[in-house]
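Enquirer: mind folding the following:
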Amino acid sequence: MTGTAADLPLPVRDHPQTRSRPLIEQVYHEFLLQNHDPEDREYADAADQIREVLIHGNYLSQKDIEICLDFDLTALCNPPEIETIRHLHEALTTEYGPDDEHCTN
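Expert: Prediction:
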């Protein structure tokens, strides 16, 4: 599956603390494009897909999740599937956003 830590260059994959905002944004961008459709993804539930594929699959830290939460959906150039992408992003916000108990703020 693309858009996971396995697709990252070896030094980045082995040293997650060296990951930068642009790299996390790229991983999240690819995740949104490849996982927006509940019919085509591993988990039908958006929260499960985010937790298992995005967060666990990429070994994302809370700081990495915060970068994903700040992702600008306009960077996707309004693809035809923008509504399902928006739903997936909203699920991330609901599960891991600032008002959630998972946040350390």
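Enquirer: just checking, Asp64 touches Glu25?
Expert: No. If you go by Cβ atoms under 8 Å, Asp64 and Glu25 don't touch, sitting 10.0 Å apart. Placement of C-beta: from N, CA and C, glycine included.
Enquirer: higher neighbour count, those two?
Expert: Neighbour tally, Asp64 and Glu25, criterion other Cβ atoms under 10 Å: the higher count belongs to Asp64, 20 against 16.
Enquirer: could you list the low-pLDDT ranges of the chain?
Expert: Scanning the chain with the threshold set as pLDDT under 70 gives 1-19, 99-105.
Enquirer: what helix or strand is the most centrally placed residue in the chain on?
Expert: Nearest residue to the geometric centre of the chain (Cα atoms, centre = their mean): Tyr28, 3.9 Å. Per DSSP states H and E, Tyr28 falls inside helix 21-35.
Enquirer: buried sites along stretch 35-45?
Expert: Within stretch 35-45, the residues scored as buried using 16 or more other Cβ atoms under 10 Å are Asn35, His36, Arg41.
Enquirer: ok, back up a step: for the helix holding Tyr28, packing partners?
Expert: Counting contacts by 3 or more Cβ pairs under 8 Å, 6 or more residues apart in numbering; DSSP states H and E, helix 21-35 is packed against helix 62-69, helix 82-96.
Enquirer: now do stretch 77-94: distance to the chain's middle.
Expert: 11 Å (Cα atoms, centre = their mean, to the nearest Å).
Enquirer: ok so, going back, these two touch, right, the residue nearest to the centre of the chain and Asp72?
Expert: No. Counting by Cβ under 8 Å, Tyr28 stays clear of Asp72, with 10.6 Å between them.
Enquirer: list the residues that contact the residue nearest to the centre of the chain.
Expert: Leu54, Ile67, Cys68, Phe71 (Cβ atoms under 8 Å, 6 or more residues apart in numbering).
Enquirer: against Ile85, how distant is it?
Expert: Noted for Tyr28: a distance of 11 Å to Ile85, by Cβ to Cβ, to the nearest Å.
Enquirer: got it, and Gln34?
Expert: For Gln34, the distance to Ile85 - Cβ to Cβ - is 10 Å.
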